[in-house]
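> dropping the sequence and predicted coords here.
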Amino acid sequence: MKGKVEADHGRLVSPRRAAVYWRRLRLQPVALAGTFIFFLFLVIALLGPLIAPYDYAAQDATQRLQSPSLGHWMGTDNFGRDVFSRVLVGARDVFYLGGIGTLLAAVVGTSLGLLAGYVGRLWDEAIMRVLDVLLAFPALLLAMVLLATAGPSDLNLILVIAVLYIPMFARIARSMVLDLRTREFIEAARLRGEKRSYILFREMLPNALPPLLVEASIRFAYSIFLVASLGFLGLGVPPPNPDWGRQVNEARTFFDAAPWMLLFPAAAISLLVIGTSLMADGLRHVFGPPVARGSR
Amino acid sequence: MTGFILRRLGFVILTVLLSSVLVFGATHVLPGDVATMILGREASEQAKDSLRQELGLDRSLVVQYGSWLSDLARGDWGTSLSTGEDVRGVTLERLSNSAMLALVAFFMYVPLGIFLGVIAAWRRNSYIDQVISAGSLAFVGLPEFVTAVLLIAVFSRALHWFPSSSAIAPGTGFFSALPSLILPGLTVSLTSLAYVVRMTRAGTAEVLETDYVRTARLKGLSAGNVLFRHVLRNSLLPTVTVIAAGVGWLIGGLIVTESVFGYPGLGRLVLFAVQRRDLPLIQATTMVIVTIFALANLAADIMYALLNPRIRYR
Amino acid sequence: MAAVPGHVTTPGRMGGPGQLVAPTFKTERLSVVYLTEQGPLRAVRGVSLSVAAGETMGVVGESGSGKTTLALGAIGYLPANGRVESGTSRLAGVDLAGRPRRELRHVWGSKVGLVSQNPQAALNPTLTIGRQMDEMGRRHLSLGRRAAREASLAMLERVAMPDPQAVASRYPHQLSGGMLQRCALAMALLTHPAVLILDEPTTGLDVTSQATILDLLDDLKAQFHTAILYITHNLGVVARVCDRIAVMYAGEISEEATAPDLFAQPLHPYTANLLRCVPRLGGQGTQERLATIPGSLPQMGDLPSGCVFAPRCPLAVEDCRAARPPLVEANAGRKTACLRWQILRSEEGRQTALQLDLRAAAPLTLSAVPRAPAGPPRVRDGSSSPPGTLVAMPQDLLTVEDAAKECPGPRPRSTVKAVDGTTLSVGAQQTFGLVGESGSGKTTLARIVAGLTRPTRGHVHLEGTPLGPSVSGRDPSVLRRLQMVFQSPETSLNPRQTAGQAVMRPLVLLAGLERREAGQRARELLEAVRLPASYFDRYPGELSGGEKQRVAIARAFAAGPDLVICDEPVSSLDVSVQGALMNLIGDLQDGAGTSYLFISHDLAAVQHLSHFIGVMYLGALMEMGDAARVLASPYHPYTEALLSAVPVPDPTSRDHRMRLRGSPPSSAETPSGCRFHPRCPRFQGDLCRDQAPPWRLSDGGVIARDAATPATADAAAAAAEHAICCHIPLHDLAALQEAGRR
């Protein structure tokens, strides 16, 4: 009994709450499908090179532009490389670049937003004005300009994604703080002399997590889109990495002869983006209204 | 109201100024030596030095920024490093091409997007709503380059309705260019359409839940009256802002789409500039786009205020 | 349409009782079901009601009782997941239930009018009042544009709207809540509907605005001869406006009677207890125990098989739990759904049904909670300091000296004086009740005391020690002594922390307990506020409003404070829960010797709990003193108006009407002279307009408003008894008020 007192303090998701979330998710078949797609690709990203039947870079002049068959499930490209293996391995870069970039944006953006919202005044003005400037650029344009000068590399791509999405996370975190700041439980915390860091991270952050998580999944979907677009424009991951966007671009010339070269990576992009969007949409509902049980 | 517009205008100017700092900074401060970038790695140190001097790169950054900004404001946008053309001339010409394409796209997706969004919200959870919502989600996930390639395959290669390349000659008028604008316009529209549909649906659904719509219904008003007088008046307010914010999407879409169709617009020019690391061209095109984006948001803010009595009468 | 045989209505104060009148609007065994994730919820079950033309039928119930669903179901308007499962709802013989919307559109607006709770939300923000009203004339009366506008203006005139032309061209956000509600009434009545449904029409309004709306309703009832269905949770309001009353509980009607009968002799234990859950003005103050109804409303998806009230009923016997008791005719014209209603007919029987929670009358002790030793209770005599004065007494527990808060106003360079120079003090183990309408500055004053709002000037002292202007500058030992209970139970607990964590935190932080010890103490505290120990691990989302507020109270008391500021702690709770909470607040004071600064807009609640009362208007105190004396003549004219505006839950009381002029003030412009003069019913002319009034003391003395200290100790003592800030001498006020009563 006593031990239970310690349990759970500061835990963001209690088992009971998780059960409620799961029940709600199960009631939305579309969101559930999206979540399944997301995790399927995640598994592919983790295991890609291990389960790929061929080396994604191995060229075979005898096997050029083969249509899909039992040997090559998604056919081969103009160098005789196995499209299936290239799609599988391509997932790794998407999660690696988009995932880490989004994560970085979430951490930095949320911290800046919390700071701006809670400290207020000059800090708020300064931080938000600077971030507004980033929002004044269409995302793809800013990414292109930054990559043009910094040069395309994995690290730069991750940093660019992070820079692009920091303002969104900061805005959400800030508005959550501004909303929560006047809530009475925060005032109660101030009345008992809690430190600013306790109020920000223990009282506010857990309440801001659900919308931030939703935002993170939306941003991740956008980042896939962005990385693919950059790849298509020739500004993405440098070769020989099998970037989905670049694959589509390279396949355009062979579209009449070998449409599979284009269709499979294109389908992979769309499926992952749509799946992640559906999951984000579902999460919004899952986290939506407060958890209620045994009371009105 | 005038005060409001002036304040917003001041904000636009501030945003554009700060963006210019970022554009300038991104092209000068980030790793990479401009002279090396232009002349290539093999160029002699001497050649690089003279180029630096020519470009004023030996001066302090603040001075460089100041002279760059004042040149830009006076209309002297420099000459392209890769083609030697006058940057201003080529940028403005491409801008007018892009404006034609954007206009076509805008008239395709805005009315249709609002229409479908309102229908989906009005018939919430019905079969038609599910089709519209799922369809719009699918298009959100479809990158422009995929849509473009598929549209070309169907409407150009298979059906021969429209040309697959939209490489129009300089100075082509709107109506003679129109056939070349349909497919790229459609490509850009599909992604933006989905965005407008989703936002309109959300906004309208929210208004449909309000007390005042219940009041209107319980006044016995016809469905049309409720929708047009009470719902849309309120739900389209945020949509105005959404459409302005969507201009960012539209521009991103144009960059990709123009390059697929070979359409000589501003987006393709940006891509060209970036690929060649043509600094004056990058700076000018980026600043033009940022200004347009800021002005679109300004227009939306003003429209929002005009339509909303709570701001109009304060 | 034939008269329904056997149906007897008493059109109350308007016609002769007992005449046979055919009901205009009649529901019969109406059941409404909502299809939800958890399965079908039967929100309204087998309700039969009837309202005759010119009659006002009240439906009283707590939140979740199904009263609004009943009304909306009866006129065929339900959300997409709701439908009428069975039963009929006839308006002039035509059944509305379950009819398609296309047909109902000719009924809604023309034959049925609805006015709902929040007028600011119920009117379209982007259309002028005039255009919204015109729609009624154009749609249902086939009027042209101009004729419709004329009809709207005429209707605005009839609801006593000053300058209808101007009002018609306004947007909703430009009018006050009371004005908007009058516009909504005018709009609903424009077509002379046969039935008017009023769904909590005055709930969001201040008492004085509510009173003018209720007065207006009286006039309109006489003019329009409409059948009115009045839905509310407020017993005072139903007593004031209704001819007959139906009490709803958990989706069923538990009792129906004429208003006088219901209040004189409730024949259902739920009603009997409900009537005693809230204090009455002029009651016995702190000595009175309020009724509490243990437990909570049953879940609609999990109803008991027998009487729905049986689980909470002190009279329940085996039969009650076996089968649902029908609503039967008890006496002529009254029905009850209680099997044992006969018991309630006698006074002793009623006493057995009341749950006065007497076991808690023994003082509660918060045994081992470390706290500063409480001094002996102060006796009110000349030697000791008075517990509440308009001048600061350093020896009191809390003193507030000339506190003021100005904030930037809505327009550039304007300032809002939220609190404008207020001085008061609170004695140890005393309750200082601060009463005022919205915008009076009472909450700002409380926040200044708590250190949550930094005052523009003035000081707060705790036992003579000055407190910093902001919590962040206050010492933990000070923070421990001063805690707060907030208004909204929904936001006063962190939704991500369990009840136990919420209560433990101040124990660890302020009382310096070890976690283990704190956990033990937290459990004791939860018990002290009457929550089962199992609630320790519950999240706020799993608690009801009253339970959340109990946790918040336990949290405030955890570190053993000397002063607890209660900012409207019961206002947002259901009636049946309010009594229990107020009993608890009183008991904790008796047990722990805490002082309260109790803030409320509810005069009865303030009177019930307070030893001293201060009445605030536009940021300043208008009257203060001993509770009994503040609420007895002579009053300040504002206090008088407040008292007369409160609807009393007693239909037989002949109220003395004194209404305020003009619309509610905004603190952006403090009027010159006496700040109350533009609305004062006892306005005396230039003197009131030009000069700030002095404090008039009960012994006939006078202190200038800005005096720092009273001239003499006698004056101080007199000030402690009773003081009124008014130009009119007290005996003249008393005479005026006596004359007004006749």
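Ah, there it is.

> could I get the average pLDDT for stretch C:114-132?
The pLDDT scores in stretch C:114-132 average 92.

> now the residue of the stretch 51-200 of chain A found nearest chain C: phi and psi?
Shortest the stretch 51-200 of chain A-to-chain C distance, computed as CB to the nearest CB: residue-wise this is residue A:184, at 3.8 Å. (Glycine included, C-beta is placed from N, CA and C.) Main-chain torsions, residue A:184, degrees, to the nearest 10: phi -70, psi -30.

> low-confidence stretches in the chain?
Defaulting to chain A. Counting by pLDDT under 70, chain A contains low-confidence residues at A:1-17, A:288-296.

> that's the wrong chain, I wanted chain C
C:1-22, C:283-287, C:356-395, C:409-412, C:654-656, C:666-668, C:705-720, C:741-742.

> quick one: residues contacting the residue of chain C positioned farthest from its centre.
The centre of chain C is farthest from one residue, residue C:144, which by CA atoms, centre = their mean lies 42.9 Å away. Residues counted as contacts of residue C:144 (CB atoms under 8 Å, 6 or more residues apart in numbering or on different chains) are residue C:138.

> please apply the same query to residue C:507.
Applying CB under 8 Å, 6+ apart, the residues contacting residue C:507 are C:513, C:517-518, C:521-522, C:558-559.

> for stretch C:65-72, C-alpha coordinates in CSV please.
Presented in CSV, the C-alpha positions along stretch C:65-72 are these (Å, rounded to 0.1, in the frame of the first residue of the first chain):
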residue,chain,number,x,y,z
SER,C,65,-31.0,15.1,-15.1
GLY,C,66,-32.1,15.2,-18.7
LYS,C,67,-34.2,18.4,-18.5
THR,C,68,-32.8,20.0,-21.6
THR,C,69,-33.0,16.7,-23.5
LEU,C,70,-36.6,16.4,-22.5
ALA,C,71,-37.3,19.9,-23.9
LEU,C,72,-35.4,19.4,-27.1
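
> what does it rub up against?
Outside stretch C:65-72, the residues that touch it by CB under 8 Å, 6+ apart are C:27, C:30, C:32, C:34, C:43-44, C:47, C:49, C:59-61, C:78, C:82, C:114, C:197, C:199, C:229, C:231, C:248-252, C:297.

> I'd like the list of the contacts of residue C:507 that fall within helices, please.
Counting by DSSP state H, the contacts of residue C:507 place C:517-518, C:521-522 in helices.

> just to revisit the earlier point, reformat the contacts of residue C:507 as TSV; add neighbour count and distance to residue A:282.
Converted to TSV, the contacts of residue C:507 look like this (neighbours: other CB atoms under 10 Å in any protein chain shown; distance: CB to CB, whole Å):
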residue	neighbour count	distance to residue A:282
C:513	21	43
C:517	16	44
C:518	23	39
C:521	23	42
C:522	29	37
C:558	29	40
C:559	26	43
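
> residue C:87 belongs to a strand?
Yes - according to DSSP: H, G, I helix; E, B strand; the rest coil, residue C:87 belongs to a strand.

> burial measure for it, as a count.
Residue C:87: 21 surrounding residues under other CB atoms under 10 Å in any protein chain shown.

> could you find the closest non-adjacent residue to it?
Spatial nearest neighbour of residue C:87, excluding adjacent residues (CB to CB, 6 or more residues apart in numbering or on different chains): residue C:30 at 3.7 Å.
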